[in-house]
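Chemist: Show me the folded form of this:
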Amino acid sequence: MYYQLIQSKESIFFRVDGDRGLKAGLGHVYRTLKIYRFLKKVFKNQYNFIFIMKNYKLGREIIFKETREKILDYDKVFNNKIINQNDIVIIDTLGAEKKFLNLLHKKKLNKIVSFDELNLNNFKRGLIINGIYFAKKKLKKTSKKIKIYQGPEYLVLNKEFEKKKKRLITIIED
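Modeler: All right, here's what the predicted structure looks like:
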């Protein structure tokens, strides 16, 4: 039944995890929520919004409480045909899993966005937004089908920090 529901229109999938800092922390969860709220406001009912998460209880609880959207188990995504070629996948884990990227590339998905990606070996196409400006290694394109935006201007911050961003960068660079 759920498979039929999401087939009725295109979906935006969010691949994110969060816990108490043992494996993932919560920074990616809160950034994803900020992006979700923005996209939900802009696109209203044009897309289904679905989260793909590993079984980290705290992250799943926060996502569900804040969105009330469907959360799919990461391991079960590989056994069904939920993600389609015209869907959008936003990955906010520090480095996308090779297995997951292979699934997206196999489906010929062009709309892949990955935040804080540091390794391009598994990317064939998509958009990378790397706001970790202090990363020692700048990413270099390996394909014309990959777009990369990197540097501090691509940090996604909460409103209370956005105004202080330039001041914070100045302090760090000194």
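Chemist: Quick one: mean pLDDT for the helix with the most length in the chain?
Modeler: When the chain is parsed with DSSP state H, its longest helix is helix 27-43. On average, the pLDDT along helix 27-43 is 93.
Chemist: shift numbering so it begins at 21
Modeler: With the count now opening at 21, the last piece we talked about shows up as helix 47-63.
Chemist: ok, now how distant is residue 139 from residue 52?
Modeler: 20 Å (CB to CB, to the nearest Å). (Glycine included, C-beta is placed from N, CA and C.)
Chemist: So which of these two has more stuff around it?
Modeler: Using other CB atoms under 10 Å as the criterion, residue 139 and residue 52 rank with residue 52 on top: 28 against 12.
Chemist: measure that one to residue 87 for me?
Modeler: 10 Å.
Chemist: what's the residue closest to the geometric middle of this structure?
Modeler: Closest to where the C-alpha atoms of the chain average out (CA atoms, centre = their mean) is residue 111, at 2.5 Å.
Chemist: In stretch 30-46, which of the residues would be classed as buried?
Modeler: Across stretch 30-46, burial judged by 16 or more other CB atoms under 10 Å covers 30, 31, 32, 33, 34, 35, 36, 37, 38, 39, 44, 46.
Chemist: how about the helices in the protein?
Modeler: So, for the chain - with DSSP H - the helices run 22-27, 47-63, 77-87, 118-126, 179-182, 185-193.
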